[in-house]
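**Student:** how would this look folded up:
(one chain, ligands or ions: 1)
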Amino acid sequence: MPKIIFVDADGTQHEVEAKSGISIMENAIANNIDGIEAECGGSCMCATCHCFIEEDHAAKLPAMDSDEDEMLGFAAEERRPGSRLSCQVKMTDELDGIVVNLPAEQN
Ligand code: FES
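**Tutor:** The predicted model follows:
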């Protein structure tokens with residue numbers, strides 16, 4: 001099973017056994033990660049699943065579509081180069097060890 005390392009805004013790390021084929025957001029919810037709210041349930045309509053993917057893995061992800069790009073403009077915390085909506089990023093075995101930094105706030 002691939003791993004995801006979620007990192008809270010205060011630096012606390014949570015390493016979880018992830019499932020491939022579902023989104024990073026769904027993996028966060030399944031593992032009770034507090035920093036992901038996902039109010040819209042993964043429909044790319046809320047931006048409360050905002051996260052910052054560290055550089056090495058960000059480069060391996062499929063490019064975001066225009067809906068995700070637009071919705072990131074509504075995120076509570078300012079967008080950075082590694083910003084993604086975690087509901088739009090599917091976990092794969094190749095992403096084993098991905099580091100997902102979480103914003104201090106989602107609303
Ligand atoms: S869960 Fe709402 S945009 Fe990702």
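**Student:** Cross-check the contact I'm expecting between Pro2 and Lys90.
**Tutor:** No. Taking Cβ atoms under 8 Å as the definition, Pro2 is not a contact partner of Lys90, at 11.6 Å. Bear in mind the C-beta positions are built from the backbone N, C-alpha and C, glycine included.
**Student:** Between the two, which contacts overlap?
**Tutor:** Ser20 (Cβ atoms under 8 Å, 6 or more residues apart in numbering).
**Student:** you'd agree Val100 is in a strand?
**Tutor:** Yes. Checked against DSSP: H, G, I helix; E, B strand; the rest coil, Val100 lies within a strand.
**Student:** can you count the residues close to it?
**Tutor:** 27 (other Cβ atoms under 10 Å).
**Student:** Bridge partners for it, pull those for me.
**Tutor:** Phe6, Ile53 (DSSP bridges).
**Student:** Touching, it and Asp8? I think so.
**Tutor:** No. Here Val100 lies out of contact with Asp8, judged by Cβ under 8 Å, at a distance of 10.4 Å.
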